[in-house]
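Visitor: I'd like to go over a predicted model; first the sequence, then the structure.
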Amino acid sequence: MDVPIFQPELETLPRPELEALQRERLQERFGVAHEALPELPFRVKSDLRDAYPFGLLRVPLAECIRIHASSGTRGKATIVAYTRNDVAMWADCCARAISAAGGGPGTVVHVAYGYGLFTGGLGIHYGAERLGCTVVPASGGNTPRQAQLLEDLAAEILCCTPSYALAIADHVSEPARLGLRAGIFGAEPWTDELREAIEHALDLAALDHYGLSEIVGPGVSFECLEGRRGAHVNEDHFLVEVVDPQSGVPLPDGEVGELVFTTLTKEALPLLRYRTGDLASLTREPCPCGRTFARMSRVVGRTDDMLIIRGVNVFPSEIERALLAIPELAPHYQLVVERPGHLDQLTVQAELRDGEQGGERLEAFIEERLGRALGLTARVDVLRAGGVPRSEGKALRVLDRRS
């Protein structure tokens, strides 16, 4: 499929010119030479929390036209602000993502990310309008109505979290009746197995989309329809590194480590070497779409998402991958970690597909499969169809009840 590129003069810059632009913007914004970057200290989320609410602003608050905030699910919320130029840059980045999904003037884009302080809804909304799309600002909630609107308004692109896409799919009886061609899904880690489940449930091409409020929100990177092998980082605005999570030493392309971003054009809240906590790898190999931006792999986990269960490191994505390979199970699950005695106990709550039968034999099979994948024993509860709680935003995959 030949998909137009929104800003080809920037998105297809030859690598030497792109890197020269990065060096120039890095020097202008921070007074730092590119070769000195690995020697500089990192910024971390606690810096923003310590400076709450506006201690890190680099412009007067009167010059900011927008305030957003993180969800605060991992501690005090972080406040971010935007100048008019920041909002315009953000819209361009999101427009690139929607264009890469096949969107253009007149394309009906259904936005089921939450609106408000969460950056997801308004970020994608402004990007879609910037591209000339027709936007349905559905936000989250009222899931049966979301499914009905998708059919009635003939949306072609769905934007929401991967878990909420599956929740919507629960209310779609005939995916062929929808006009969806692509989905732009982000705000939570997800696996290729979950991608396949979404594509089957909604009959669309599911594309990964990455962002975080501290850097800008959605629009930091995006997958394209042609490649679908990594998300293009908007490198003219964000300089990306991958470092070893323990030592902080930069890692070469292809190795998984922690993503670190430097904002090259942000005015209100520029950040130098911000550690995201997200684990991924980079490649600068050419993409069939023609974009020259580096591509980041799917986020395989977070440094603070890693569970240590009886001395074994476990990422929820490992469990998701194992569960979705079992045909009797639906793509919904929740992990419960408890310490009833001296040792941690992991319980995996899985869910049956409609029409499937559970029982001790299936639970034993799942426990054996998880044991091989994780290197530890987990209890398994197989729930009836619909038994795992659904989310209208980011999925709550882990309930850690240890004191």
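Guide: Great, that's in hand.
Visitor: next, count neighbours for the closest residue to Leu251 other than its chain neighbours.
Guide: Leaving aside its sequence neighbours, Leu251 sits nearest to Gly257 (Cβ to Cβ, 6 or more residues apart in numbering; 4.3 Å). Heads up, the C-betas are built off the backbone N, CA and C, glycines and all. Look at Gly257: counted by other Cβ atoms under 10 Å, it has 23 neighbours.
Visitor: confirm that Ala201 sits in a helix.
Guide: Yes - according to DSSP: H, G, I helix; E, B strand; the rest coil, the state of Ala201 is that of a helix.
Visitor: give me the pLDDT for the closest residue to it other than its chain neighbours.
Guide: The shortest distance from Ala201 to any residue other than its chain neighbours is 3.7 Å, reached at Ala169 (Cβ to Cβ, 6+ apart). What the model reports as pLDDT for Ala169 is 96.
Visitor: what is the burial count for Ala169?
Guide: Neighbours of Ala169 (other Cβ under 10 Å): 19.
Visitor: one more: the one 3 residues further on?
Guide: Each residue near Val172 was counted by other Cβ under 10 Å, and the total is 20.
Visitor: the nearest residue to it once chain neighbours are set aside is in what secondary structure piece?
Guide: Taking Cβ to Cβ, 6+ apart, and ignoring the residues beside it in sequence, Val172 has Ala147 as its nearest neighbour in space, at 5.0 Å. With secondary structure defined by DSSP states H and E, Ala147 is part of helix 143-152.
Visitor: do the same with Leu158
Guide: Element membership for Leu158, per DSSP H and E: strand 157-160.
Visitor: chain center to that strand, what's the gap?
Guide: 13 Å (Cα atoms, centre = their mean, to the nearest Å).
Visitor: got the CA coordinates for the helix or strand following it in PDB?
Guide: Taking DSSP H and E as the definition, the helix or strand that follows strand 157-160 towards the C-terminus is helix 162-169. Extracted C-alpha coordinates of helix 162-169, given in PDB (Å, rounded to 0.1, in the frame of the first residue of the first chain):
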ATOM      1  CA  PRO A 162      -4.600  -2.100  23.100                       C
ATOM      2  CA  SER A 163      -6.600  -3.400  26.100                       C
ATOM      3  CA  TYR A 164      -9.500  -1.000  25.300                       C
ATOM      4  CA  ALA A 165      -9.500  -2.100  21.700                       C
ATOM      5  CA  LEU A 166     -10.200  -5.600  23.000                       C
ATOM      6  CA  ALA A 167     -12.900  -4.300  25.300                       C
ATOM      7  CA  ILE A 168     -14.600  -2.600  22.300                       C
ATOM      8  CA  ALA A 169     -14.200  -5.800  20.300                       C
END
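Visitor: tell me what angle helix 162-169 forms with helix 143-152.
Guide: Between helix 162-169 and helix 143-152, the angle formed by their directions is 80 degrees, by axes from the mean of the first three to the mean of the last three Cα atoms, to 10 degrees.
Visitor: given the helix or strand just after helix 162-169, what are its sheet partners and their directions?
Guide: Following helix 162-169 in sequence order, the next helix or strand is strand 182-186 (DSSP H and E). Under the criterion DSSP bridges, strand 182-186 sits next to strand 157-160 (parallel), strand 205-212 (parallel) in its sheet.
Visitor: what's the most buried one of these?
Guide: strand 157-160 (a mean of 29; mean count of other Cβ atoms under 10 Å).
Visitor: send the alpha carbons of that one over as CSV?
Guide: Taking only C-alpha atoms (Å, rounded to 0.1, in the frame of the first residue of the first chain), the coordinates of strand 157-160 have been written out as CSV:
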residue,chain,number,x,y,z
ILE,A,157,-8.9,4.4,12.0
LEU,A,158,-9.4,3.6,15.7
CYS,A,159,-7.1,5.1,18.3
CYS,A,160,-7.0,3.8,21.9
